[in-house]
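A.B. asks: I would like to see how this sequence folds:
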Amino acid sequence: MEDLKKKSSNEATDKDIVFSQAVKAGKRIYYLDVKKNRKDEMFIAITESKKIVTGEGENPQVNFEKHKIFLYQEDFDKFMNGLQESVRFIRERQGEGNATSQESESHTQEEIKTEAEGTPLLNQTINIDLDF
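C.D. replies: Predicted coordinates for the structure are as follows:
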């Protein structure tokens with residue numbers, strides 16, 4: 001009986017997702033889900049899913065560790081400003097990284113600009129690497 005409640009609860013949550021994007025980054029996958037609350041207001045749910053392999057040999061155990069952040073519309077600009085300042089700080093201190101990530105980032109930037117034309121905030125570069 002409890003499993004049914006859990007399942008129907010998950011289905012209801014999935015129905016609230018109006019847009020979703022997965023970002024694969026090594027052992028991690030970041031899910032960016034745009035959801036609607038009960039008042040039909042949209043927000044972003046960021047989920048980090050990290051693959052954890054324990055044990056060796058023939059029977060390794062594979063688990064996924066997940067962490068969530070909910071970002072509400074009234075906080076978008078502040079979050080983006082803080083994120084961009086943090087990314088800028090790291091790039092100034094450590095450089096841009098390897099060519100492969102630059103090529104991938106350049107491709108992603110073009111996709112964002114194409115999808116979000118006319119939305120100044122979304123035309124800016126977004127790089128997310130959340131560690132918990």
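A.B. asks: Once you drop chain neighbours, what's closest to Glu41?
C.D. replies: Gln73 (6.9 Å; CB to CB, 6 or more residues apart in numbering). Every C-beta, even on glycine, is put in place using the N, C-alpha and C of the backbone.
A.B. asks: Arg28 now?
C.D. replies: Lys50 (4.9 Å).
A.B. asks: Looking at strand pairing, list the partners for that neighbour.
C.D. replies: Arg28, Glu65 (DSSP bridges).
A.B. asks: got the contact list for it?
C.D. replies: Applying CB atoms under 8 Å, 6 or more residues apart in numbering, one finds that Lys50 lies in contact with Lys27, Arg28, Phe64, Glu65, Lys66.
A.B. asks: CA atoms only for stretch 29-47, dumped as CSV, please.
C.D. replies: The C-alpha trace of stretch 29-47 is given here as CSV (Å, rounded to 0.1, in the frame of the first residue of the first chain):
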residue,chain,number,x,y,z
ILE,A,29,24.5,14.2,-14.0
TYR,A,30,22.7,17.5,-13.3
TYR,A,31,19.0,17.6,-13.9
LEU,A,32,17.5,21.0,-14.4
ASP,A,33,13.7,20.7,-14.1
VAL,A,34,11.3,23.5,-14.5
LYS,A,35,8.3,22.8,-12.4
LYS,A,36,5.0,24.4,-11.4
ASN,A,37,3.8,24.7,-7.9
ARG,A,38,0.1,24.6,-6.8
LYS,A,39,-0.3,28.2,-7.7
ASP,A,40,1.0,27.6,-11.3
GLU,A,41,4.2,29.5,-10.5
MET,A,42,7.3,28.1,-12.1
PHE,A,43,10.6,27.3,-10.3
ILE,A,44,13.8,25.3,-11.1
ALA,A,45,14.7,22.1,-9.3
ILE,A,46,18.4,21.3,-9.7
THR,A,47,19.3,17.7,-8.9
